[in-house]
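# got a predicted model here, sequence first, then my questions.
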Amino acid sequence: MSSLDIPQVAMKDSITAQKLAAHWPLGRRDRDVINGLAGRALQPLRTGTDLFTQGDRLTSIFFLLEGWAARYKMLEDGRRQIVSLLLPGDLCDPFCFLLHRADHGVTALTPVRVAEVGRSQFEEIALAHPEITKAMWINALITASIQREWCVNLGRRTALERFSHLFCELYHRLLKVGLVSGNGFHFPVTQLELADATGLTMVHTNRILQEMRRQRLIELHRRHLVVPDLAALERVCAFDPSYLHPAAQEAS
């Protein structure tokens, strides 16, 4: 059976199809192709499982359907820097197999469910469905835009601004795929992982979180983060959501 012979049946759109369709207008047939790929999900992977590691030769891409993951770099002495967070609906990493080897790793921060798409099937779909390819390129460009903002976070923002900016970003990204309820969202990231993402020590991380609670910028308990006043949190770090390109589809 050809890799394009994916059942074209009416179904609820997968979270990956929802996200890509938010970047670029996708017709029913294109969305059903993505849904078919997402329907081939692997068995759930445990927290701490690496989808791939630095130096691996990549032959597949992954759709993250459930759970949170992180891209990371490891230094020779074992220190880790989390360079981005992957949320439900994200692609990991759609064009990375064009390179010789992976220059980073991806690990599951929670139990995750992913769909794996082999290189040959991905290339066949990309040729047969140019609108899907456009949506994936826009997604890749937005990912690069987020990465640039993380560089600014580490290089120029204060510790309080770093955390405020990160929480604002997560709020907007999760809102886009319908995972914000009220003013809050599931937040499974540990303080150690936050420290690795913001370049701070565990002690400093804990101190900043306590300060944010004291100022009522956030409420955080039982892996649920609430933002009582999003505008106030955005003012702390001068958050500008334009780097997330929420109007990418409209601009087309």
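Nice, I can see it.

# for residue 112, give its distance to residue 78.
Look at residue 112 and residue 78: by CB to CB, to the nearest Å, they are 24 Å apart. C-beta coordinates here come from the backbone N, C-alpha and C atoms, glycine included.

# more neighbours, the two?
Neighbour count, other CB atoms under 10 Å: between residue 112 and residue 78, residue 112 has more, with 26 against 6.

# give me the nearest residue to the more buried one, chain neighbours excluded.
Among residues not flanking residue 112 along the chain, residue 67 sits closest, at 3.3 Å (CB to CB, 6 or more residues apart in numbering).

# near the one you found, how many other residues are there?
20.

# would you confirm that it contacts residue 111?
Yes: taking contacts as CB atoms under 8 Å, residue 67 lies within contact range of residue 111: 5.6 Å.

# what touches both of these two?
residue 44 (CB atoms under 8 Å, 6 or more residues apart in numbering).

# so, low pLDDT: which residues of this structure?
Applying pLDDT under 70 to the chain flags the ranges 1-11, 247-252.

# repeat the analysis, applying 50 as the threshold.
The chain contains residues with pLDDT under 50 at 1-10, 252.

# helix, strand, or coil at the residue nearest to residue 66 when sequence neighbours are not counted?
Once flanking residues are discounted, residue 66 sits nearest to residue 113: 4.2 Å by CB to CB, 6+ apart. What DSSP: H, G, I helix; E, B strand; the rest coil gives for residue 113 is strand.

# likewise for residue 81?
Under three-state DSSP, residue 81 comes out as strand.

# quick check: closest non-adjacent residue to it.
residue 73 (5.0 Å).

# what residues sit buried inside the helix or strand containing the one you found?
Using DSSP states H and E, residue 73 falls within strand 69-74. Buried positions in strand 69-74, judged by neighbour count with 16 or more other CB atoms under 10 Å: 69, 70, 71, 72.

# residue 68 and residue 108, how far apart?
Applying CB to CB to residue 68 and residue 108 gives a distance of 8 Å.

# no wait, residue 186
Counting by CB to CB - residue 186 and residue 108 are separated by 15 Å.

# so those two - more neighbours on which side?
Remark: of residue 186 and residue 108, residue 108 carries more neighbours, 22 against 16, as counted by other CB under 10 Å.

# show me where the stretch 51-200 of the chain has strands.
Secondary structure of the stretch 51-200 of the chain (DSSP state E, counting those that start in this stretch): strands at 60-66, 69-74, 80-86, 91-92, 105-108, 113-118, 184-186.

# could you list every helix and strand that the fifth one packs against?
Put plainly, it is strand 105-108. strand 50-52, strand 69-74 (3 or more CB pairs under 8 Å, 6 or more residues apart in numbering; DSSP states H and E).

# now do 10 Å
strand 50-52, strand 60-66, strand 69-74, strand 80-86 (3 or more CB pairs under 10 Å, 6 or more residues apart in numbering; DSSP states H and E).

# TSV please, covering these and showing distance to residue 241.
Putting those into TSV (distance: least, CB to CB, whole Å) gives the following:
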stretch	distance to residue 241
strand 50-52	28
strand 60-66	22
strand 69-74	21
strand 80-86	16
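
# out of those, deepest packed?
strand 60-66 (a mean of 21; mean count of other CB atoms under 10 Å).

# tell me what it is packed against?
Short answer (3+ CB pairs under 10 Å, 6+ apart): strand 60-66 packs on helix 15-23, helix 28-38, strand 50-52, strand 91-92, strand 105-108, strand 113-118, helix 119-128.

# that strand: partners in the sheet, and parallel or antiparallel?
strand 91-92 (antiparallel), strand 113-118 (antiparallel) (DSSP bridges).

# what's in contact with the last one?
Pointing back at strand 113-118 there. Residues outside strand 113-118 that contact it (CB atoms under 10 Å, 6 or more residues apart in numbering): 3, 14, 16, 34, 36-45, 49, 51, 59-67, 69, 86, 88, 91-92, 94, 97, 106, 108, 124-125.
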